[in-house]
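Trainee: my questions concern the predicted model and sequence given below.
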Amino acid sequence: MYCAYYQAKAVRNKIWFIAGCIRNEYHWAFDRAVEGKENILEFFVAPDFEEDFLSLMTYLKEESYILELEKLPNRIEKEGQV
């Protein structure tokens, strides 16, 4: 089973805070910046924690740290990589 995959547009000077929130929650998700795209983060979210992840993202959107959040097909599954 593959992780859920999300991309978010974030406020540049708040990316450190967003990453800290994700890394604070053990095994929820893996985060990284998308190479070549400014302020775009990607998240690989463990299936058991997707609801918790979305609750956190809702809060970060309400606080204007996250500007947009979109669930997309998992790019690793899509590319056929493991």
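Mentor: Cool, got the structure.
Trainee: report the longest helix in the protein, please.
Mentor: helix 50-62 (DSSP state H).
Trainee: which positions in it come out as buried?
Mentor: 50, 53, 56-57, 60 (16 or more other CB atoms under 10 Å). From N, CA and C alone the C-beta is placed, and that goes for glycine too.
Trainee: pLDDT and distance to residue 7 added to the residues you listed, as CSV?
Mentor: As requested, those are arranged in CSV below (pLDDT from 0 to 100; distance: CB to CB, whole Å):
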residue, pLDDT, distance to residue 7
50, 95, 15
53, 95, 13
56, 95, 15
57, 96, 11
60, 96, 14
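Trainee: now render those residues as JSON lines, adding distance to residue 12.
Mentor: Output for those, formatted as JSON lines (distance: CB to CB, whole Å):
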{"residue": "50", "distance to residue 12": "26"}
{"residue": "53", "distance to residue 12": "21"}
{"residue": "56", "distance to residue 12": "19"}
{"residue": "57", "distance to residue 12": "17"}
{"residue": "60", "distance to residue 12": "14"}
